[in-house]
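A.B. asks: Compute the structure for the input listed below.
(one chain, ligands or ions: 1)
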Amino acid sequence: MVPLVYFVVVIDGDPSRSSVGANDHYIMERYNITLELVKKHIDGKGAMCVHTSPRYRNRFFLSPFIEFWESWVKSGGELILHPEEDVYFTPNSRQDDDSYYNDSEHMEHIIRLKVEQMKTIGLPFAAFRGALFGLTNHITAVLSKTGLHLDLSGAPGLVLPERAADWSSAPPSGYYMSKNSYLKSSSRPAKDSVFEIPLGWDGQGTDLSRNYLFHERSTYRRLCKVWDAVVERSKRNKTPQFVNFLCHTYSMRNTKLRTQLEDILDYMKQKNGKPVTAVEAKKIYNNIKKTADDGL
Ligand SMILES: [Zn+2]
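C.D. replies: So this is what the prediction gives:
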């Protein structure tokens, strides 16, 4: 069977905002469950978000997390830079009326700092993912300059101005972003163009609990329907789709949600889907494009 949809499982590892939930033991317990689940169901190919924020600027770049990231990558996964600049504020960092994602200087500083830090310890980031789908043209340009040529921030159709998220007219499947606008697909991507793999979307509406592959907000039945719509789009357009599936480490000790996650991953694999890393997705996309171009 030739896969009709290549999907990247994105795992958001933000710590809980409660004081108990934010201790290392509590976080590591959920991270370890996640790693075992990802190994069992998708051959280790999970895209794990590494949190940084005003509150925890460096915490996830130190032990015991560094050792965990090492085993994550050894098991076949990849690491994603995930700055949570707004929600995890400190008394000094709080901004009342705007997202830090609109502060170009701040974002460029954080991205450069963290990209370098992970390179130095031999665990380079494979991609970027904005907090709650936030992204701007300026951030995209910084990603391109710093060698982060993969992005997983997109949610086609979704607009959340307070979080610098505007995906109103974005393509529903993987695409190279145009230099002028991250919302537009470039027909002639350059070597440093950023490849976007958006959240799986049914094309019907913009309710995060109904129209997207957003595990915790949705139900098994709704996730199946969204998946079926993505498979249908692939058949209709006669081209494979490249999408991401979003879940979070905070739900990994919840039996009902963990079962839902295992069930939907199995469903997607059985129904024409293939789990891949973001790096693999981009390579497959390039090969398909090249074969199509050569055939012209
Ligand atoms: Zn997050």
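A.B. asks: C-alpha from now on. contacts and neighbour counts both.
C.D. replies: Fine.
A.B. asks: so what's the spatially most central residue of the chain up against?
C.D. replies: In the chain, the residue lying closest to the centroid (CA atoms, centre = their mean) is L152, at 3.8 Å. Counting by CA atoms under 8 Å, 6 or more residues apart in numbering, L152 touches A127, F128, R129, G130, E196, I197, P198, L199, N244.
A.B. asks: before we move on, what about K119?
C.D. replies: F125.
A.B. asks: Next, give phi and psi for it.
C.D. replies: Phi and psi for K119, reported as degrees, to the nearest 10, are phi -60, psi -40.
A.B. asks: Look up the pLDDT of it for me, please.
C.D. replies: Looking at K119, its pLDDT reads 97.
A.B. asks: before we move on, what about G21?
C.D. replies: Confidence score, pLDDT, at G21: 63.
A.B. asks: would you list the contacts of L152 in JSON lines and tack on pLDDT and neighbour count?
C.D. replies: Putting the contacts of L152 into JSON lines (pLDDT from 0 to 100; neighbours: other CA atoms under 10 Å) gives the following:
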{"residue": "A127", "pLDDT": "98", "neighbour count": "27"}
{"residue": "F128", "pLDDT": "98", "neighbour count": "26"}
{"residue": "R129", "pLDDT": "98", "neighbour count": "23"}
{"residue": "G130", "pLDDT": "97", "neighbour count": "24"}
{"residue": "E196", "pLDDT": "98", "neighbour count": "30"}
{"residue": "I197", "pLDDT": "98", "neighbour count": "29"}
{"residue": "P198", "pLDDT": "98", "neighbour count": "26"}
{"residue": "L199", "pLDDT": "98", "neighbour count": "27"}
{"residue": "N244", "pLDDT": "98", "neighbour count": "30"}
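A.B. asks: which among those gets closest to W69?
C.D. replies: A127 (14.4 Å; CA to CA).
A.B. asks: in the chain, which spans are helices?
C.D. replies: With DSSP state H as the criterion, the chain has helices at 24-42, 65-74, 104-120, 137-145, 220-237, 255-270, 278-294.
A.B. asks: Which elements pack onto the fifth one?
C.D. replies: In terms of contacts (3 or more CA pairs under 8 Å, 6 or more residues apart in numbering; DSSP states H and E), helix 220-237 is packed against strand 5-12, strand 241-248, helix 255-270.
A.B. asks: now the ones you listed in a markdown table, with distance to S63?
C.D. replies: Output for the helices and strands packed on helix 220-237, formatted as a markdown table (distance: least, CA to CA, whole Å):
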| stretch | distance to S63 |
| --- | --- |
| strand 5-12 | 19 |
| strand 241-248 | 21 |
| helix 255-270 | 27 |
